[in-house]
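Peer 1: Just to be clear, the model below is a prediction. Sequence and coordinates:
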Amino acid sequence: MKKKNTKASKSRLCLAIKPMYDKEFSKSLWTYDLIKEFNKALREFGKRFPNVKFIIMKPSLWKSPGNTNLSTFPYSVIYKLQKKPVSSLLKDSIAIMRNDLSLPVSLKTKSLNKINRKLKGKKKGYVAFYIIGYMEDFITKSFLENLNESSKKYSKADFVVGFTGKICRVGDLAHNYADCGFATLNGRCGVVGAYHEPHVAILHELCHMFGAKHSENKRSIMFPKQTGNKYSFDKKTRRAITLTLKNIREKRKNAAK
């Protein structure tokens, strides 16, 4: 009878992941089995880092920011902005975020003046897409901050991944991980929206949470766009994740003293 390697099992790092989802996700056509998709992603992670054991906690409901109009962003916003004069695009975009998307955006006078100076004399197309980029950053920040705050009661979770039906990308954008999800680099939280291969997006965002940045290697899981080889971990990605795992071990070791 083959004996278990107890030494190896004891040295495994146990990490708890908490899935959360909003009601828009649960009612979406894009909904999927969270545990099943997590297991697929973690199986691939485990092939590269066998000394890590993940515990998937029970999924919980999450009251994410904004409303269902976010699922048509940025197309609906671009449509509205193209009808506005260039001089009022920034003001109009803030109104759209507040009234149409239910996001409590506010800019101090100093910040408004700084953006206006940057956009002064620029063509309407440039101004519109600059503002869309600003709005995208605000949405990302809002979701991550909200998820972090909402998940504080789950203190046993090392990582939290929120699933939302409010972020839905189609066409070319559906092949770009950056448009289908986002995460705090070396942080606790990540968000995944509608994506035709959820486990790939989950794995990509988890790698961000373990410190990996986007890679220029088209074969890497950290390449921003979908490619044929979805599960390759390039050297920089492996190095970043290894360092984060080492830091977690050391932190726990010091806490146990």
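Peer 2: Right, received. Where do you want to start?
Peer 1: hey, let's count contacts and neighbours off CA atoms from now on
Peer 2: Fine.
Peer 1: Distance of the spatially most central residue of the chain relative to residue 129?
Peer 2: Compute the mean C-alpha point of the chain, and by CA atoms, centre = their mean the closest residue is residue 182, 2.0 Å away. Distance, residue 182 to residue 129, by CA to CA, to the nearest Å: 20 Å.
Peer 1: got it, and residue 87?
Peer 2: From residue 87 to residue 129 the distance is 14 Å (CA to CA).
Peer 1: check contacts around the spatially closest residue to residue 13 that is not a sequence neighbour.
Peer 2: In space, and not counting its chain neighbours, residue 13 is closest to residue 52: 4.7 Å by CA to CA, 6 or more residues apart in numbering. The neighbourhood of residue 52, defined by CA atoms under 8 Å, 6 or more residues apart in numbering, consists of 12, 13, 14, 15, 46.
Peer 1: give me that answer again for 7 Å
Peer 2: Neighbour list for residue 52: 12, 13, 14, 46 [criterion: CA atoms under 7 Å, 6 or more residues apart in numbering].
Peer 1: now those residues: which count as buried?
Peer 2: residue 13 (16 or more other CA atoms under 10 Å).
Peer 1: The residue nearest to the centre of the chain belongs to a strand, doesn't it?
Peer 2: Yes - Residue 182 sits within a strand when classified using DSSP: H, G, I helix; E, B strand; the rest coil.
Peer 1: Cross-check the contact I'm expecting between it and residue 205.
Peer 2: Yes - assessed by CA atoms under 7 Å, residue 182 is found in contact with residue 205 at 6.2 Å.
Peer 1: so what's in contact with the two at the same time?
Peer 2: The contact lists of residue 182 and residue 205 share residue 190, where a contact means CA under 7 Å, 6+ apart.
Peer 1: For residue 16, pull up the helix or strand it's in.
Peer 2: Using DSSP states H and E, residue 16 maps to strand 13-21.
Peer 1: Strands along this protein, start to end?
Peer 2: 13-21, 52-56, 60-61, 159-168, 181-183, 189-194 (DSSP state E).
Peer 1: what's the closest of those strands to residue 106?
Peer 2: Among those, strand 159-168 comes nearest to residue 106, with 21.2 Å by CA to CA.
Peer 1: And for the closest one, what's in contact with it?
Peer 2: With contacts defined as CA under 7 Å, 6+ apart, strand 159-168 is touched by 16-22, 24-25, 28, 67-68, 70-71, 147, 180, 188-194.
Peer 1: Quickly note the distance from residue 156 to residue 20.
Peer 2: For residue 156, the distance to residue 20 - CA to CA - is 14 Å.
Peer 1: before we move on, back to that, in JSON lines: the contacts of residue 52, plus pLDDT and distance to residue 151.
Peer 2: Output for the contacts of residue 52, formatted as JSON lines (pLDDT from 0 to 100; distance: CA to CA, whole Å):
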{"residue": "12", "pLDDT": "90", "distance to residue 151": "25"}
{"residue": "13", "pLDDT": "96", "distance to residue 151": "22"}
{"residue": "14", "pLDDT": "97", "distance to residue 151": "19"}
{"residue": "46", "pLDDT": "95", "distance to residue 151": "25"}
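Peer 1: Kindly reformat the contacts of residue 52 as TSV containing distance to residue 216.
Peer 2: What follows is the contacts of residue 52, written out as TSV (distance: CA to CA, whole Å):
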residue	distance to residue 216
12	31
13	30
14	31
46	23
